[in-house]
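Novice: got a structure for you, letters missing:
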């Protein structure tokens, strides 16, 4: 351990840790999003004059605290709902945190290499950061959780550039501003008399100009009205608040069904034409259990509604039982119009990656066998309305959502079960990412959650209603 930190002072170590804490605080909760614009300044200051291994170590420290605070909720999920022993839950969480922290360590290391070769840090640094975020979203299973840009989901003028750059453009701008601020602070710290030259001022000018241009674009977009003159659809989102440990307990099956029936009748009486239940809302296999399937058909017939809901499906292939996490759409006549099978599955939730190595870990989702992914980006037709559906974890992948919109979806919905997050920051983090999917695709988004946050978001990322 001494060998790792031997070239670092207490001050440099403290600065890198402070950066990690500041970054984490900019995310929900506590949602102190303005901190993101200065959160990397302490790390950048600590990197001044460093070479070889030191930048990587300092970045790793920042990343460790950044992710330790923002993704510590996985312990709750694994221990309380996956029945993974507490020590192993903490071990897996620390492995995940260290893996994610590697990206920040690599950022600091590469930044040092480029700066020492004379590259312009205010441009190169955000490019490196953004490239590494993109890499994190795609390699292995992909885990683009708490990307830096997501911290700004409430800063609507800034995030409008996501329709061209996705969330990565916002991350780029945040890092550029941090570099400019850190540059000014280091210039002041290094001189007794501050004389500003063009060489000193241009990084600040560049970052400031880009920030203003992005703001201008954002306000221009917010001044439009994409939905003006378009058709209106009255959608009801039902949140049953079924506790995770009761969800698949047969003793509570009828109670769960009655809760959703009552909520459905209330929504239909209020005039909703499309009613959406959350992920796996039915505590039964819709296609396999005839008695409950007929009860659902009668419900839509009686209330003359389209019903979109989540339910698992089961199949046998090669003498193995496989599960599908699916969404189904019933017509007002009780006809099954469409289904979508989840494509991007949750690691450790719906399947165990590297299962031969991690044989001691069970999935957190109770079921028979492993879930298997679907392969069709299905757009559902509810009369004249075309709906794209993504399930839970899928909504954090920009490219996946874009496929549905490209296929003709007029509005998007995500159905989710956040019960296994427990009372943590995860449901808030999860919801914040949906805002970006709306802006990126310029389509409204509605989100139905079993617990956590249900809500509607317009094509500009404005949260219209939420639980």
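Specialist: That came through, no problem. Treat the numbers as computed from the prediction; the structure is a model and nothing was measured. Numbers count the residues shown, from 1 in each chain.
Novice: next helix or strand past the longest helix belonging to the chain?
Specialist: Secondary structure of the chain per DSSP state H: the longest helix is helix 86-116. Using DSSP states H and E, the helix or strand that follows helix 86-116 in sequence is helix 121-136.
Novice: So for the very next helix or strand once past that next one, mean pLDDT?
Specialist: Heading C-terminal from helix 121-136, the first helix or strand you meet, by DSSP H and E, is helix 156-159. The predicted model gives helix 156-159 an average pLDDT of 98.
Novice: The longest helix of the chain - contacts with which helices or strands?
Specialist: helix 54-70, helix 73-76, helix 121-136 (3 or more C-beta pairs under 8 Å, 6 or more residues apart in numbering; DSSP states H and E). For every residue, glycine as well, the C-beta is placed using N, CA and C.
Novice: between those helices, which gets nearest to residue 305?
Specialist: Across these, residue 305 has its closest neighbour in helix 73-76 (35.0 Å, C-beta to C-beta).
Novice: From the contact counts, what lies against the closest one?
Specialist: helix 86-116.
Novice: which parts of the helix it packs on are buried?
Specialist: Neighbour counts over helix 86-116 (16 or more other C-beta atoms under 10 Å) mark 89-90, 92-93, 96-97, 100-112, 114-115 as buried.
Novice: Residue 140: neighbour count?
Specialist: 10 (other C-beta atoms under 10 Å).
Novice: ok, residue 62 touching residue 43?
Specialist: Yes: Residue 62 is in contact with residue 43 according to C-beta atoms under 8 Å; the separation is 4.8 Å.
Novice: got a list of what the nearest residue to residue 325 once chain neighbours are set aside touches?
Specialist: Taking C-beta to C-beta, 6 or more residues apart in numbering, and ignoring the residues beside it in sequence, residue 325 has residue 342 as its nearest neighbour in space, at 4.1 Å. Counting by C-beta atoms under 8 Å, 6 or more residues apart in numbering, residue 342 makes contact with 324-327, 350, 371, 373-374, 391-392, 394.
Novice: tell me the least confident of those?
Specialist: On pLDDT alone, residue 350 ranks lowest of the contacts of residue 342, at 66.
Novice: where do the strands sit along the stretch 201-350 of the chain?
Specialist: Assigned by DSSP state E, counting those that start in this stretch, the strands in the stretch 201-350 of the chain fall at 235-237, 274-276, 306-317, 320-330, 336-341.
Novice: and the angle for the longest one with strand 320-330?
Specialist: In this case it means strand 306-317. 160 degrees (axes from the mean of the first three to the mean of the last three C-alpha atoms, to 10 degrees).
Novice: which helices and strands does strand 306-317 pack with?
Specialist: Under the contact criterion of 3+ C-beta pairs under 8 Å, 6+ apart, strand 306-317 touches strand 274-276, helix 290-303, strand 320-330, strand 379-382, strand 385-391, strand 411-416.
Novice: which residues sit against the fifth one?
Specialist: Read it as strand 385-391. 231, 233, 274, 279, 308, 310, 325, 327, 329, 340, 342, 377-381, 400-401, 404-405, 407-416, 443.
Novice: Just checking: what are the partner strands of that strand?
Specialist: Sheet pairing here is set by DSSP bridges, and for strand 385-391 it gives strand 379-382 (antiparallel), strand 411-416 (parallel).
Novice: picking up where we left off before, so for residue 423, which of the helices and strands packed on helix 86-116 sits nearest?
Specialist: helix 73-76 (8.0 Å).
Novice: now the closest one: how far from the chain's centre is it?
Specialist: For helix 73-76, the gap between its own C-alpha mean and the chain's C-alpha mean amounts to 16 Å (C-alpha atoms, centre = their mean, to the nearest Å).
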